[in-house]
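**Q** Sequence first, predicted model second:
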There are 4 protein chains.
Amino acid sequence: MINGENLVPAPIRWGMVGGGRGSQIGYIHRSAALRDGVFTLVAGAFDIDAGRGRDFGTGIGVAAERCYTDYTAMFAAEAARPDGIQAVSIATPNGTHFAISKAALEAGLHVVCEKPLCFTTAEAEELRALAAAKNRVVGVTYGYAGHQLIEQAREMIAAGALGEIRIVQMQFAHGFHNEAVEAANPATKWRVDPKMAGPSYVLGDIGTHPLYLSEVMLPQLKIKRLMCSRQSFVKSRAPLEDNAFTIMEYDSGAVGYVWSCAVNAGSMHGQKIRVIGSKASIEWWDERPNQMTFEVQGQPLQVLERGMGYLHPHALADDRIGGGHPEGLFEAWSNLYVRYAQAMVAMDQGRDFGTHYPGIDAGVEGVRWVENCVCSADAGAVWVDYA
Amino acid sequence: MINGENLVPAPIRWGMVGGGRGSQIGYIHRSAALRDGVFTLVAGAFDIDAGRGRDFGTGIGVAAERCYTDYTAMFAAEAARPDGIQAVSIATPNGTHFAISKAALEAGLHVVCEKPLCFTTAEAEELRALAAAKNRVVGVTYGYAGHQLIEQAREMIAAGALGEIRIVQMQFAHGFHNEAVEAANPATKWRVDPKMAGPSYVLGDIGTHPLYLSEVMLPQLKIKRLMCSRQSFVKSRAPLEDNAFTIMEYDSGAVGYVWSCAVNAGSMHGQKIRVIGSKASIEWWDERPNQMTFEVQGQPLQVLERGMGYLHPHALADDRIGGGHPEGLFEAWSNLYVRYAQAMVAMDQGRDFGTHYPGIDAGVEGVRWVENCVCSADAGAVWVDYA
Amino acid sequence: MINGENLVPAPIRWGMVGGGRGSQIGYIHRSAALRDGVFTLVAGAFDIDAGRGRDFGTGIGVAAERCYTDYTAMFAAEAARPDGIQAVSIATPNGTHFAISKAALEAGLHVVCEKPLCFTTAEAEELRALAAAKNRVVGVTYGYAGHQLIEQAREMIAAGALGEIRIVQMQFAHGFHNEAVEAANPATKWRVDPKMAGPSYVLGDIGTHPLYLSEVMLPQLKIKRLMCSRQSFVKSRAPLEDNAFTIMEYDSGAVGYVWSCAVNAGSMHGQKIRVIGSKASIEWWDERPNQMTFEVQGQPLQVLERGMGYLHPHALADDRIGGGHPEGLFEAWSNLYVRYAQAMVAMDQGRDFGTHYPGIDAGVEGVRWVENCVCSADAGAVWVDYA
Amino acid sequence: MINGENLVPAPIRWGMVGGGRGSQIGYIHRSAALRDGVFTLVAGAFDIDAGRGRDFGTGIGVAAERCYTDYTAMFAAEAARPDGIQAVSIATPNGTHFAISKAALEAGLHVVCEKPLCFTTAEAEELRALAAAKNRVVGVTYGYAGHQLIEQAREMIAAGALGEIRIVQMQFAHGFHNEAVEAANPATKWRVDPKMAGPSYVLGDIGTHPLYLSEVMLPQLKIKRLMCSRQSFVKSRAPLEDNAFTIMEYDSGAVGYVWSCAVNAGSMHGQKIRVIGSKASIEWWDERPNQMTFEVQGQPLQVLERGMGYLHPHALADDRIGGGHPEGLFEAWSNLYVRYAQAMVAMDQGRDFGTHYPGIDAGVEGVRWVENCVCSADAGAVWVDYA
């Protein structure tokens, strides 16, 4: 149970790039990082408008001289301070992630970056190599993975509760972009501009979320080949898709399916993962994250609840309040930021923290999957060997 | 509102092939056909064991001399009687449907047949031509289509409540055959034997159900091409599949998806259809047939209930009891049997009854779809132009 | 599993009083009684308008000469026939139940009567004595009790799965009468007229339904005292209530609660029963009758499904189709009519059939409970010893 | 939308009494208070074990010299500092709330106190008078009231969307104390000891939560009289109850019902409120706090979702992330702590902040309601005029 004590020896000095006034994602980064004393916010390049960024930063307690005009200035100035930042979070449009992450690593900083980490597997591998060379953590914010029942699913699957895994059904299918809402909204406009968003829209923006959940739950599964069919129902989005079906064959003989969609009219989120084994299935839905169904064929369906004593210790470790009380997405992110912090401390101390958080490997895999999907889709939704 | 009066001028004299003791499907045929005075059961070849069939038939009120040893004998003897049967229902294993249907039509009988009607589009077209030549009704028991909210969906879509149709998500994914249960159960064993079951298992056995619902709701949609990936997770079922993913492109630019599965451990039925338009979506689930969700993007989700005054008159016409009281699958089948009877009367009188029931066209389309899916799957899950 | 065979030696000759054209309840009586060959409809006094009743009766297959002008004529004429009716169902307004039931019993007929059986415990006891003297079955149509999962609940409770019973929460709280809908609807107008409806509206009309479910599940519980608070939110209904809260203390120390309501705006039915024991609870909702939750404290909630092999044999005996397929209210009523028929046969043969159906005792108890509730309410919602 | 900026001019200097290591409630107080820069934790008397309290306090960043042995010492020492605390939160067992709150007010501190505020209405009124005299805020942590959809309910009711209010159904009925779990758990043991818990267990501990929600949603309703029946199903808890039914009559003619229960085996929380009007009902459940149903009689049920543009501006003001993402209990508490802080600032500045948070009046009303319930219950569950 997390109560704010003893998570790291001392708060990690931390800065942000982006995430200023009007940014939802900036707020959740800060809310998660600062909650349990694992980070302390001391610097930021919060906004492309420097004055607004400084106004914002000082308003939330950052010293004015550490509110920078841009990340280059921040990394340079902070490196020169004895109390300079040790880690940075990047909450900027997709097209900038690679350059900022690279600069941060080169400046010797631990990094937490929004997904996608970059646009090509080659870039992603470059960051992986750089992080390894610099001995730095790169966290990627697949935030839903911080929900405790994801741990429960992983442990149950590892223990064989589902039998042999056969089918993985994934979807993230919301309806908020059923019309060209981006036309009037700068905050979403860049998402359908290939220059800023990369080679895909919904595949990378949302499809990678349940995909990462499957990587956590099913670490052994390796994609052998896949096919992807994508559409731009709002025509102005072409070539970027607002709907995509991806079918995957795994090495093991299992199959997977990902439905990525932003035009699923009326759906709030629709992020779900169902793992089907020879004996039983589990299913989890991000809108009801405190519950997971467990269905053994021939037995009554069971609803597992966060916080209950029958769960695996790993699924209980991150509770902040007892079962029945709803935890939400902020707790999931908080769980990840605790792990990022602990991984940073471990790396600084030369200890191995393992891969118990969405790190550089997750970032690389997300980019690779999108790349393969786009390759398939652009060739006519044909099968491609996973590369 | 149906109350048993005035549905047909007089009950239609009716016989059954198959559906005897121990047959669930036989019971639902009789329960539906006999409920509202639209048919009267006067003859049958209920069982391959003639004695058991006669014992069964007389037990449910059929005269002993009209309990026949097989359908050939029945059709011949009944044709010779002035009060002989006018219609027959066929509830036998798949491999016999074609021959019995053909014989029945040739004997001048109206037919109600379990799906699949036969194994090849060529056979199906032969039956269609024969039915036309003989001026006989062929009903195919896509029983779920009898639920009243399916009518509601059709009318709402026709009225434009969803906007332009973009995506049709379909699934019928239960878990009852997660193991080789057929090994010990003769009643299901034939389902995985290509000689008796035809070229597919779950595609034809269950996938065609939501497919037909989509045909009812979306009569304009025409499949342009499709791809199908199928698996035999229980190895002994090969070459017949127990899981299949099918992706379809329609002429209109819309896309569709059908998940057919018998190894979805823990799922009871899992038959769902979600139709997504540019403005709104509807979703219906066969396990909760009295409810349908209607989700307009940007508005609260709505739950429509069977029997309520806000529904379309076509969705209210077949109610047998007020809203709130759960109707079930037997009512859906009863609705279909009423329509079959009315179509038979209309055809006998030379009137056009339209296609307001799953008839020969639905039967042909189901067979065609399975044929195309198998063609795709067997070629390596490639796209095939819909033929 | 019910398939229509062997339920009774021969169909029981049966008549109806009321339930003619426009009557929903008449249709469900016939649909249930005639379904599996347990009754055959041969006579009726279907309507207070004799011509309309005859037109209706002949339309559903009753001989014209056995369509009577009223029940007195029917009982007399049928008694004079060698093939006269053996049983009668009464589907008329409440105020007539006592007189018709009494006349039927005196005519030597088995009776199935709508609830409430009558208006006072004294009348009810008179019918009980008469039924005993005449050796006749009186069935009372607490139709929801026919759902199979009610049997499951009873068996689980009897086996101790819930531990010691502590609390019984019951409600039947719909919203259809949130306004004075009866003003414009003759079919419901009588329900709020004390002369026709008796001393209560919702207590008797709907509250007795979950109360009877509790009697089935918990045969040992005896009410020691109760208090009832009732309101007429639609003023024109006074003195009859459209909302009532009843709290009960049982001999065992357990407590119960019944919420009876017809002004629960927006609710479809809202009939639920939750039985809470020292170890676990079960809950059942009539709008989803194929499911029941079973909640063991400290374990995941379980959802039991009709038709599954893990259920008690008594809960499986009345299935007509496999699990996953929704059965509905018509099946529940059909189950009761089979039991009524079997009880009639048993009584005719001098065998004891037990109390495995809502019979005269259930009828008496319902009347008694309403009487006690009204007594409490009219004295200012005070506690009254159960009499 | 809350993003951490501009909520108060400067963080309020804040201390805690209780809430140390092992206290869940202490963590949620801190998590809520510190989240958005509205409070800064500078002092505490966290534990009755002074050393453990200091160890805990320094571990979460409080200076060692401001970790006090008890609240008396803290209030005295902090009062002597120029940078002493301005507000204190009290998270100790119930029996201490009155004395600590009184001392805090006398020390000139704003107070946030766990409910119940005290044990008698007389004490509560004394605190109210003292708070008024000292011009200090007293916040009471009815934390669920911070959920945004509670605001939505209030605004819809005020706007007449439900029509005239008729019935208020409330419950908080969990199952965690179905056995004498307190025997082995010091953290809950005091809850069933009248000296520490006061005159009730579940009425005060949980029943007051939905009661306060009703006060927020329905500020005009005044209780005229009530009756309460309470039980101690775990015998060792007597005279304190682990189950209680309370029925209330309001001045307006509406009626209310509260079910308070800790032995509802298997239930996680079971806190629900349903408000029924002449036209429509709303229902909210604390385990799914991001949704609320709205049911207009004769129309489809609607599910309102937190964060959506169709909600009232007051229900959107406190969002921290867009609709679809689950917020949880921590956000609800954070919302309250922002309001507490803003109320403190307003009071310090002589401005009226209104009653837009659970304050001293809510605290008094909770105590009064419990007192009336116990009075009724102890007299034999009779009606008592609300005093």
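**A** Happy to help now that I have it. Numbers count the residues shown, from 1 in each chain, chains lettered A, B, ... in the order given.
**Q** So is stretch A:9-25 next to chain D?
**A** Yes: for stretch A:9-25, a contact with chain D is found by C-beta under 8 Å from any C-beta of the partner chain, at A:Arg21, A:Gly22, A:Ser23, A:Gln24. For the C-beta atoms, the positions are set from N, CA and C on the backbone; glycine is no exception.
**Q** And the pLDDT for the third one?
**A** Translated: A:Ser23. Reported pLDDT at A:Ser23 in the predicted model: 91.
**Q** Put together a markdown table for the residues of stretch A:9-25 next to chain D, with distance to C:His97 on each row.
**A** What follows is the residues of stretch A:9-25 next to chain D, written out as a markdown table (distance: C-beta to C-beta, whole Å):
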| residue | distance to C:His97 |
| --- | --- |
| A:Arg21 | 72 |
| A:Gly22 | 69 |
| A:Ser23 | 70 |
| A:Gln24 | 64 |
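**Q** Can you tell me which of those is closest to chain D?
**A** Here the nearest of the residues of stretch A:9-25 next to chain D to chain D, counting by C-beta to the nearest C-beta, is A:Gln24; it sits at 5.6 Å.
**Q** In three-state terms, label A:Ser89 for me.
**A** Per DSSP: H, G, I helix; E, B strand; the rest coil, the secondary structure class of A:Ser89 is strand.
**Q** In this structure it contacts A:Trp14, no?
**A** Yes: with contact taken as C-beta atoms under 8 Å, A:Ser89 and A:Trp14 are classed as touching, separated by 7.1 Å.
**Q** quick one: A:Arg54 and chain B, what's the gap?
**A** 36 Å (C-beta to the nearest C-beta, to the nearest Å).
**Q** Now do the contacts for the residue nearest the centre of chain A.
**A** Residue closest to the average C-alpha location in chain A (C-alpha atoms, centre = their mean): A:Tyr142, at 1.3 Å. With contact set as C-beta atoms under 8 Å, 6 or more residues apart in numbering or on different chains, A:Tyr142 has these partners: A:Lys115, A:Thr208, A:His209, A:Tyr212, A:Leu213, A:Pro358, A:Ala362, A:Gly366.
**Q** One more pass at 6 Å, please.
**A** A:Tyr212, A:Pro358 (C-beta atoms under 6 Å, 6 or more residues apart in numbering or on different chains).
**Q** From A:Asp385, how far out is A:Gly253?
**A** For A:Gly253, the distance to A:Asp385 under the criterion C-beta to C-beta, to the nearest Å works out to 16 Å.
**Q** neighbour count winner among those two?
**A** When neighbours are counted by other C-beta atoms under 10 Å in any protein chain shown, A:Gly253 comes out ahead of the other of A:Gly253 and A:Asp385, with 13 against 9.
**Q** Now do the phi/psi pair for that one.
**A** phi 100, psi -10 (degrees, to the nearest 10).
**Q** What of the one 10 residues further on?
**A** Backbone torsions of A:Val263, given as degrees, to the nearest 10, read phi -120, psi 20.
**Q** For stretch A:180-195, C-alpha coordinates in CSV please.
**A** Listed next in CSV are the C-alpha coordinates belonging to stretch A:180-195 (Å, rounded to 0.1, in the frame of the first residue of the first chain):
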residue,chain,number,x,y,z
ALA,A,180,-13.4,16.8,-38.4
VAL,A,181,-13.2,18.3,-34.9
GLU,A,182,-9.5,19.1,-35.4
ALA,A,183,-10.4,21.8,-38.0
ALA,A,184,-11.4,24.1,-35.1
ASN,A,185,-9.1,22.8,-32.4
PRO,A,186,-5.4,23.5,-32.6
ALA,A,187,-4.8,21.1,-29.7
THR,A,188,-5.9,18.2,-31.9
LYS,A,189,-5.1,19.6,-35.3
TRP,A,190,-1.5,18.3,-35.3
ARG,A,191,-2.6,14.8,-34.7
VAL,A,192,-3.8,14.4,-38.2
ASP,A,193,-0.8,16.1,-39.8
PRO,A,194,1.8,13.5,-40.8
LYS,A,195,4.6,16.0,-40.2
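**Q** Would you mark the buried spots in it?
**A** Neighbour counts using 16 or more other C-beta atoms under 10 Å in any protein chain shown place A:Ala180, A:Glu182, A:Thr188, A:Lys189, A:Arg191, A:Val192, A:Asp193 of stretch A:180-195 among the buried residues.
**Q** State the distance from whatever residue of the stretch 101-250 of chain A ends up closest to chain D to D:Arg288.
**A** The nearest approach of the stretch 101-250 of chain A to chain D comes at A:His174, 6.3 Å away (C-beta to the nearest C-beta). A:His174 sits at a distance of 18 Å from D:Arg288 (criterion: C-beta to C-beta).
**Q** Looking at the two, which one has more neighbours?
**A** For A:His174 and D:Arg288, the more surrounded residue by other C-beta under 10 Å is A:His174, and the numbers stand at 24 against 18.
**Q** Can you give me the pLDDT of the more buried one?
**A** Per-residue confidence (pLDDT) for A:His174: 98.
**Q** Backbone torsions only: list them for it.
**A** Torsion angles, degrees, to the nearest 10, at A:His174: phi -100, psi 180.
**Q** How about the one 5 residues further on?
**A** Dihedral angles phi and psi of A:Glu179 (degrees, to the nearest 10) take the values phi -120, psi 180.
**Q** Run through the bridge partners of A:Tyr257.
**A** Each beta-bridge partner of A:Tyr257 is listed here: A:Gln169, A:Ile247, as defined by DSSP bridges.
**Q** my read: it touches A:Gln169, true?
**A** Yes: at 5.4 Å, A:Tyr257 counts as touching A:Gln169 under the criterion of C-beta atoms under 6 Å.
**Q** the more surrounded of these two?
**A** A:Gln169 (24 against 19).
**Q** Around A:Ala87, count how many other residues there are.
**A** Other residues near A:Ala87 come to 22 when the count uses other C-beta under 10 Å.
**Q** Not counting residues beside it along the chain, what's closest to A:Gly323?
**A** The shortest distance from A:Gly323 to any residue that is not its chain neighbour, by C-beta to C-beta, 6 or more residues apart in numbering or on different chains, is 3.0 Å, and that residue is A:Gly307.
**Q** Now do the same contact list for the one you found.
**A** Taking C-beta under 6 Å, 6+ apart, we find A:Gly307 in contact with A:Asp319, A:Gly322, A:Gly323.
**Q** go with 8 Å
**A** Listed by C-beta under 8 Å, 6+ apart, the contact set of A:Gly307 reads A:Gln148, A:Asn290, A:Leu316, A:Asp319, A:Ile321, A:Gly322, A:Gly323, A:Gly324, A:His325.
**Q** Present those residues as TSV; the columns should include pLDDT.
**A** Output for these, formatted as TSV (pLDDT from 0 to 100):
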residue	pLDDT
A:Gln148	98
A:Asn290	98
A:Leu316	97
A:Asp319	97
A:Ile321	97
A:Gly322	96
A:Gly323	97
A:Gly324	97
A:His325	97
